[in-house]
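# Need a 3D model of the following:
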Amino acid sequence: MSSARVPGVPPLDPPALPGPALLGQNWRDTVFAHWPVPPERVAPLLPAHTRPDVLHGFTYVGLVAFRAPSTTALGIPVGGFDEVNVRLYSVDSHGRQGVVFLSMDATAPHSVLAARTLVGLPYLWSRIRLRGDDHTHTGTVLRHPLRGGVRGRWRLTVGEPLADPSPLEHFVTARWGLHTARAGRTWWIRVHHRPWPLYRVRSWTYQGNLLQAAGVHVDAPEPVSVLWSPGVDAHATPSLATAPRT
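Numbers count the residues shown, from 1 in each chain. Alright, predicted model coming up:
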């Protein structure tokens, strides 16, 4: 059965942006690791007027890492950075399926300050080391000790390309926007990029407390899905607020 016909799976191709792209980024050497969680467990962590997006009775928490070698804001280059984020999957009353970031560790202090101030994203200035070649990729992240000594470490080997991703693999990667709370409202930001070229992961090891620090408890010690992608070029633009927070 095609993923496009499975209830709950987002469209496989991105909708057009509602206006000019205000932000552009290159996302490279991207790692996706996902654990299932009951939706009621993470619902309190989502912004107002959104709820957990569900596939086959579960929602998912993701640990996602990538390099962003270049970023532009309003067409002006503002530099690159490495990022590791913990994220949930959301849907609002308009049916827009997106991402909610619980934590976003990054290596560029100016980007951290701008994103927190302008759009309310939970960026944190951290030490991150992402390394890889054609087959093996490693990553470490260490948050400042004053923020609790949060850390993570992983290693993976890349397998074969995914010619036909499963509904779950589409569900956690075909995300064309995000929800974020800012100035007493929940905002929707549209994201546009080509569908991710995805690869299976043959082996995976992880140690750390990034999920727990973000407020998520998972029952299974190992993720149900780990994927790698060489990357995409992405563009984003904000939309209107969904509704006032209550």
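# contact partners of the helix or strand of the chain with the lowest mean pLDDT?
When the helices and strands of the chain are scored by mean pLDDT, DSSP states H and E, helix 109-119 comes last with a mean of 78. Contacting residues not belonging to helix 109-119 are listed as 71, 73, 78-79, 81, 104, 106, 121-125, 180, 182, 187, 189, 238 [CB atoms under 8 Å, 6 or more residues apart in numbering]. C-beta coordinates here come from the backbone N, C-alpha and C atoms, glycine included.
# what about 7 Å?
Residues from elsewhere that reach helix 109-119 (CB atoms under 7 Å, 6 or more residues apart in numbering): 71, 78, 81, 106, 121, 123-125, 180, 182, 187, 189.
# Whichever strand in the chain runs longest - contacts with which helices or strands?
Among all segments of the chain classified by DSSP state E, the strand with the greatest residue count is strand 225-244. If contacts are counted by 3 or more CB pairs under 7 Å, 6 or more residues apart in numbering; DSSP states H and E, strand 225-244 sits against strand 23-37, strand 151-161, helix 167-171, strand 185-192, strand 199-208.
# For Arg87, which of the ones you listed is the nearest?
For the helices and strands packed on strand 225-244, the distance to Arg87 is smallest for strand 23-37, at 9.5 Å, taking CB to CB.
# which strands and helices sit next to the closest one?
Judged by 3+ CB pairs under 7 Å, 6+ apart, the packing partners of strand 23-37 are strand 59-68, strand 71-73, strand 136-143, strand 225-244.
# Partner strands of the following helix or strand past the shortest one, with direction?
It refers to strand 71-73. Past strand 71-73, further along toward the C-terminus, the next helix or strand under DSSP states H and E is strand 76-77. For strand 76-77, the pairing partners within the sheet under DSSP bridges are strand 71-73 (antiparallel).
# May I see the buried residues of the partner strand?
Taking 16 or more other CB atoms under 10 Å as the basis for neighbour counts, the residues of strand 71-73 that come out buried are 71-72.
# what's the spacing between it and its chain's center?
The gap between where strand 71-73 is centred and where its chain is centred comes out at 18 Å by CA atoms, centre = their mean, to the nearest Å.
# ditto for stretch 233-240
Taking the mean C-alpha point of stretch 233-240 and that of its whole chain, the gap between them comes to 14 Å (CA atoms, centre = their mean).
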